[in-house]
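Asks: What follows is a predicted protein model with its sequence.
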Amino acid sequence: QVQLVESGGGLVQAGGSLRLSCEASGRILSLYVMGWFRQAPGKEREFVAAINYVYSIDYADSVKGRFTISRDNVFKTVYLQMNSLKPEDTAIYYCAAGASLARNMDSYDYWGQGTQVTVSS
């Protein structure tokens, strides 16, 4: 079992930055692909970024060049650095752990409770 707890969300003005953290406990983090998803009000949950244990990375086109995902296997933490934030980035951001570097939610077995990110215009 893996438990995931996100933190770092908040309110920021457009153009600003936030760094989200996801702390994992339980089974060895290094064995898992770690991903970030987000869900805006009235919309489906969507893929944001993912990183595997050999540091291969994938980003959604909407965040490429603005967001950076990284992981620290020693401290069992995954980060999402978000720069140049836009109002359309407003959503609940979820951390997830899975077995393959993928964009579909079904590939992830464990999920955190989410952290709210609000970007004002």
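Replies: Good, I have the coordinates. Numbering: from 1, shown residues only.
Asks: Now the residue most central in space within the chain: which helix or strand?
Replies: Nearest to the geometric centre of the chain sits Trp36, at 2.4 Å (CA atoms, centre = their mean). Using DSSP states H and E, Trp36 sits within strand 33-39.
Asks: got it, and Val78?
Replies: Take DSSP H and E as the rule and Val78 turns out to sit in strand 77-82.
Asks: Dump that strand to CSV, restricted to CA.
Replies: Provided in CSV are the C-alpha atoms of strand 77-82 (Å, rounded to 0.1, in the frame of the first residue of the first chain):
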residue,chain,number,x,y,z
THR,A,77,8.5,13.1,-2.2
VAL,A,78,7.3,14.3,-5.6
TYR,A,79,7.1,17.9,-6.6
LEU,A,80,5.3,20.0,-9.2
GLN,A,81,6.8,23.4,-9.7
MET,A,82,4.2,25.6,-11.5
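Asks: strands paired with that strand, and their directions?
Replies: strand 18-26 (antiparallel), strand 67-72 (antiparallel) (DSSP bridges).
Asks: Tell me where the protein has strands.
Replies: 2-7, 10-13, 18-26, 33-39, 46-51, 57-59, 67-72, 77-82, 91-98, 108-111, 115-120 (DSSP state E).
Asks: Now render the ones you listed as CSV, adding mean pLDDT.
Replies: As requested, those are exported to CSV (pLDDT from 0 to 100):
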stretch, mean pLDDT
strand 2-7, 94
strand 10-13, 98
strand 18-26, 94
strand 33-39, 97
strand 46-51, 97
strand 57-59, 97
strand 67-72, 95
strand 77-82, 96
strand 91-98, 96
strand 108-111, 94
strand 115-120, 98
